[in-house]
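Q: Need the 3D shape of this:
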Amino acid sequence: QVQLVESGGGLVQAGESLRLSCAASGPNVRNYGMGWFRQAPGKEREFVASINWTGRNSYYSDSLKGRFTLSRDNSNNIVYLQMNGLKPEDTAVYFCAAPPAPGLVPAHLVGEYYYWGQGTQVTVSS
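A: Just a heads-up that it's a prediction; the model follows:
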């Protein structure tokens, strides 16, 4: 059973940065690809970024590429989402997620993830 706990959200002004963390625990957790999603009020959950289990390959939503950077520290089982140049439209609850098994290629569809954290709120004021 993989457990995921996000942290690092908060209230910032437009143009500022935040770094979200996702602490993972469970058997073989360092061998899981990880993804980040976000959900704004009244909208569907959308893909933000994903990273494979080695950390060597990461994938981003086209609209966020260049502002967000994903990395992972497998010695501590933490995945980081660095968000720069935040905009009011980035306001959402951010979730980290893991697929149902280790070693899978990280995907961008909600349905391909099985384990979810509780989410962390990011609010960007204009």
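Q: Can you report phi and psi for the residue positioned nearest the centre of the chain?
A: When C-alpha atoms, centre = their mean is applied to the chain, the residue found nearest the centroid is Trp36 (2.4 Å). Backbone dihedrals for Trp36, given as degrees, to the nearest 10, come out at phi -120, psi 140.
Q: Make sure it is actually in contact with Val93.
A: No. Counting by C-beta atoms under 8 Å, Trp36 does not reach Val93; the two are 11.2 Å apart. In this view, the C-beta of every residue, glycine as well, is placed from N, C-alpha and C.
Q: Could you give the bridge partners of the residue nearest to the centre of the chain?
A: Counting by DSSP bridges, Trp36 is bridged to Ala49, Cys96.
Q: swap in Lys65?
A: Following DSSP bridges, Lys65 is listed with bridge partners Phe68.
Q: residues near it, how many?
A: As a burial measure, Lys65 scores 11 neighbours (other C-beta atoms under 10 Å).
Q: the strands in this protein, which residues?
A: Counting by DSSP state E, the chain has strands at residues 3-7, 10-13, 18-25, 34-39, 46-51, 58-60, 68-73, 78-83, 92-98, 115-116, 120-125.
Q: how about the CA coordinates for the longest one, as PDB?
A: As requested, the backbone C-alpha atoms of strand 18-25 are provided in PDB (Å, rounded to 0.1, in the frame of the first residue of the first chain):
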ATOM      1  CA  LEU A  18       6.300  27.600  -4.500                       C
ATOM      2  CA  ARG A  19       7.800  24.200  -4.100                       C
ATOM      3  CA  LEU A  20       5.400  21.300  -3.400                       C
ATOM      4  CA  SER A  21       6.600  18.100  -1.900                       C
ATOM      5  CA  CYS A  22       5.100  14.700  -2.000                       C
ATOM      6  CA  ALA A  23       6.300  12.300   0.600                       C
ATOM      7  CA  ALA A  24       5.800   8.600  -0.400                       C
ATOM      8  CA  SER A  25       5.800   5.600   1.800                       C
END
